[in-house]
Structures are given as C-alpha cells and as structure tokens.
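# output the structure for:
(one chain, ligands or ions: 1)
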Amino acid sequence: MLVHIKKLIQQAKKEKYAIGAFDTFNLEITLGIIQGAKQAKRPIILQVTPTTLKYAGIESMSYLMKTVAQNQAKNIPIALHLDHGKTFSDIVECIKAGFSSVMIDASNLSFDKNIALTKKVVQYARQHNVWVQGELGRVVKGKQGYDKLIIEPEEFLTDPDQAQEFVKKTKIHTLAVAIGNIHGLYKMRHGVPRLFLSRLKEIQKRVNVPLVLHGASGISSAQIKKAISLGIRIINIDTEIRMAFKQSLIQSLKVNKKEYDPRKILFPTIKNVAKIVKKKILIFGFSKK
Ligand SMILES: [Zn+2]
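Just a heads-up that it's a prediction; the model follows:
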C-alpha cells in the first residue's frame with residue numbers, strides 16, 4: 001500500500017529504528033524489493049534515481065513502482081522517493097508522478113548554492129505536501145573517493161554547525177549526512193572505513209530532522225545499529241541490490257544455457273533481491289527496546 005513518507009518516519013522515530021530505502025531499476029528488482037518487504041513484514045521506501053527515470057521513462061517507471069506497491073503488497077506501507085535528484089525539473093517530474101518524498105542533492109555545490117537550490121525545492125515541494133531530503137557534506141564514490149576520504153576526512157564529512165544552519169535555512173524534512181559512508185562497490189571489496197560515529201552524534205545534537213545514511217551497502221550490522229541509535233532513520237541500499245541481481249542472473253544463465261524464456265532466466269533475480277532486502281530490513285528494524 002502506498003503511504004506518505006511522513007507516516008513511515010513517525011513510526012521509525014517513535015520506535016527508534018531505520019527504514020530501508022531501496023533503489024529499483026526494473027520490473028524484477030521492484031518485485032524483489034516488494035517481496036523482501038513482505039517477507040520481513042515491515043515498511044520500506046522504494047526509490048529511483050534520475051538516470052533510471054531517463055533510461056526507462058518516468059511514466060513507465062513511476063507507474064511500475066506505484067502499481068506494484070499498491071497491488072502486490074496491500075498490507076505493507078511503501079513510500080516512493082526520488083534518490084539523488086540533481087535539478088529542479090527532476091523534482092517537479094517526480095512530484096507530478098506522485099512521489100511523497102524527493103531528494104535534491106546539491107552537495108557538490110558551495111554551501112550557499114546548496115542552500116539556495118535546496119530551499120527553492122523545499123518551497124515548491126511543500127506546496128504539494130511532499131517531503132524533501134537535502135545533503136550536506138560529500139558522500140564520496142569508489143577507490144578515488146575512498147583514498148581522498150582517508151587522507152582528508154574533514155573535506156568530506158558533514159560539519160555539525162553547518163548542518164544546523166542548513167536545516168534552519170532550507171527547512172528540509174530529512175538530511176543525508178557524510179560520516180565516512182561511501183557510494184559504490186569499492187568499499188565492499190576492500191573493507192569499509194569506520195563510520196565517524198562521534199561526528200554523527202554531534203550532528204544529531206544540533207539538528208532535529210531525521211538523518212539519512214547513503215552508501216550503506218557493505219557496512220557491518222554493528223556499525224549500522226550504532227548509527228541508528230544516533231538518529232539515522234533512513235538507510236539507502238543500492239549496490240547490494242545491483243550485486244544480488246547480477247549474481248543471480250549470471251548463475252541463471254550458467255545453469256541452463258539453452259533457456260531462452262526471459263521469465264525463467266530472470267525469475268531467480270527476484271528471489272535474490274528479495275533475500276538481501278529482507279536481510280537488510282531486519283537489521284535496520286533493530287530496536288533498543
Ligand atoms: Zn546516495
């Protein structure tokens with residue numbers, strides 16, 4: 001069932017857990033994510049990036065997400081979100097398509113420009129009763145990002161004082177933070193740097209909006225649980241979904257080389273995506289109670 005993200009966050013705040021936010025790319029991954037949520041019996045955020053929307057078309061992708069969420073998971077609350085929106089038009093398109101939450105990622109701009117663009121998005125989104133996620137600090141990507149982060153963390157980590165000013169000036173609903181988290185596959189192959197949890201603590205003290213952890217694929221459950229206890233309420237998983245899809249697809253093609261029915265070839269990917277989604281949800285659903 002489709003719900004506004006507000007409902008999911010209210011519950012997560014009350015019970016001190018984090019909602020899994022999973023990136024989808026196609027029909028099979030969407031079905032897999034929904035099945036994982038059904039198996040875990042917990043709400044999720046179903047999200048998509050502008051590059052996927054360009055690849056598949058916004059109508060095809062948003063209708064797919066809405067239809068699957070409404071018809072295949074009638075008892076599971078699901079909110080739709082735009083992940084890493086880059087431009088104002090990305091935002092407008094997704095709000096028109098019925099998303100209840102959008103991210104404007106202007107974290108590569110200067111502090112002032114990030115505030116200006118994020119604020120513009122928030123003003124528009126609020127007129128449509130849509131939540132906005134902003135990002136401050138830079139969540140690096142791959143080996144290059146990892147090397148730079150290790151040498152000069154201060155360049156990338158979210159500054160707690162700036163975070164306070166950013167939230168106040170933009171009036172965002174949720175904030176994505178950079179606390180040592182990294183996008184992409186590199187960290188999964190080479191071990192993850194520790195999360196800067198003391199930094200997260202400082203941010204949480206100054207900011208009263210729910211915090212979002214991007215690039216969480218491959219981070220240990222122990223670190224994830226600590227981050228949740230320090231105010232992380234949404235955790236993004238993308239890379240591990242891509243990997244689950246790819247691995248089962250390779251396996252499927254290998255096992256029966258003569259098969260040419262796309263449904264039979266692709267069916268195992270749904271199950272494999274569901275497996276990783278369920279596993280993550282159960283970790284994020286950790287509660288201090
Ligand atoms: Zn991200």
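# give me the low-pLDDT residue ranges for the chain?
187-193, 286-289 (pLDDT under 70).
# so Ile5 touches Ala79, yeah?
Yes. Under the criterion of CB atoms under 8 Å, Ile5 is in contact with Ala79, at a separation of 3.9 Å. All C-beta atoms are positioned from the backbone trio N, CA, C, and that covers glycine.
# can you check which residues contact both of these two?
Taking CB atoms under 8 Å, 6 or more residues apart in numbering as the criterion, Ile5 and Ala79 both touch Ile45, Ser100, Ser101.
# distance of the residue in the chain sticking out farthest from the centre from Lys246?
Relative to the centre of the chain, the most outlying C-alpha is that of Lys258, 37.1 Å out, by CA atoms, centre = their mean. For Lys258, the distance to Lys246 equals 21 Å [CB to CB, to the nearest Å].
# cool, and Gln223?
From Gln223 over to Lys246 (counting by CB to CB), the distance is 25 Å.
# and the residue farthest from the centre of the chain, that's in a helix?
No. Lys258: not assigned to a helix; according to DSSP: H, G, I helix; E, B strand; the rest coil it is coil.
# list the contacts of Cys94.
Leu53, Ile58, Ser62, Leu82, Gly85, Val102.
# distance of the nearest residue in space to Thr158 that is not next to it in sequence relative to Ile241?
In space, Thr158 comes closest to Gly137 once its chain neighbours are excluded; the distance is 3.3 Å by CB to CB, 6 or more residues apart in numbering. Counting by CB to CB, the gap between Gly137 and Ile241 amounts to 24 Å.
# this structure: strands as residue ranges?
For the chain, applying DSSP state E gives strands covering 19-23, 44-48, 78-85, 101-104, 131-136, 174-177, 211-213, 232-237.
# next, the angle from the third one to strand 131-136.
Angle of strand 78-85 versus strand 131-136, following axes from the mean of the first three to the mean of the last three CA atoms, to 10 degrees, is 40 degrees.
# also the last one?
Here strand 232-237 runs at an angle of 80 degrees relative to strand 131-136 (the same axes, to 10 degrees).
# list the strands paired with strand 232-237, with their directions.
strand 19-23 (parallel), strand 211-213 (parallel) (DSSP bridges).
# any chance of these in a markdown table, with distance to Ile29 too?
Rendered in a markdown table, the data for those read as follows (distance: least, CB to CB, whole Å):
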| stretch | distance to Ile29 |
| --- | --- |
| strand 19-23 | 8 |
| strand 211-213 | 21 |
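# mind putting these into JSON lines with distance to Phe111 and mean neighbour count?
Below are these laid out as JSON lines (distance: least, CB to CB, whole Å; neighbours: other CB atoms under 10 Å):
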{"stretch": "strand 19-23", "distance to Phe111": "25", "mean neighbour count": "27"}
{"stretch": "strand 211-213", "distance to Phe111": "18", "mean neighbour count": "25"}
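# which one of those lies nearest to Val167?
Counting by CB to CB, Val167 lies closest to strand 211-213 out of the strands paired with strand 232-237; the figure is 10.3 Å.
# how far off centre is that closest one?
Its chain's C-alpha centre lies 9 Å from the corresponding centre of strand 211-213 when counted by CA atoms, centre = their mean, to the nearest Å.
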